[in-house]
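In: Sequence and predicted model, in that order:
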Amino acid sequence: MSTAPASTSASTVTVASKLPFSLRLQLQKKLSRTEDAFGGGVREVVSRIKDGRTLVIEGCSRPVGVDSEKQLVGGFALTHNVDAEFWNTWLAENGEFPPVEKGLIFATPKAGGTESEARDRRSLISGFEPVNPDAVPAEFAGVTKDS
């Protein structure tokens with residue numbers, strides 16, 4: 001596993017993700033149109049269509065028994081050299097995406113800053129973690145195969 005941070009510049013950011021799967025980001029174009037409304041009249045409908053290039057950010061899972069080139073810090077996978085303009089536009093369009101709101105996906109302009117912030121967010125839970133047999137949720141405590 002490579003632990004050396006990739007170089008970054010003012011026009012790039014390092015994105016950290018605690019989701020176990022890779023995520024394809026794509027910008028969208030907003031379209032407005034009118035359509036007939038039930039009962040008469042018209043209404044404006046806003047929709048979005050895919051527009052432009054896509055970008056894949058790494059997920060934090062890795063196959064068992066296979067060496068991985070992913071850089072993991074604090075449970076977050078780091079994707080270096082992401083175009084800052086693309087990231088900022090995607091973030092403006094998708095700021096209400098639950099993993100972004102919960103801090104499971106974030107970016108900083110400096111790789112070292114991303115690593116530090118990932119360590120600080122180590123305790124965040126995505127809900128995709130393996131079950132800890134020593135800390136079974138209360139609703140499953142005492143349940144056996146025969147129950």
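Out: Yep, it's here. Numbers count the residues shown, from 1 in each chain.
In: Phi first, then psi, for the residue nearest in space to the middle of the chain.
Out: By Cα atoms, centre = their mean, the chain has its centre lying nearest to residue 105, at 4.1 Å. Residue 105 has phi and psi values of phi -130, psi 130 when expressed as degrees, to the nearest 10.
In: residues contacting it?
Out: Residues in contact with residue 105, defined by Cβ atoms under 8 Å, 6 or more residues apart in numbering, are 15-19, 23, 57, 97, 99. Using the backbone N, CA and C atoms, a C-beta is placed for each residue, glycine as well.
In: Now which of the residues you listed would you call buried?
Out: 15-19, 23, 57, 99 (16 or more other Cβ atoms under 10 Å).
In: What score does residue 9 have for pLDDT?
Out: Residue 9 is assigned 50 on the pLDDT scale.
In: Under the pLDDT cut-off, which ranges of this protein? List them.
Out: Scanning the chain for pLDDT under 70 picks out 1-10, 143-147.
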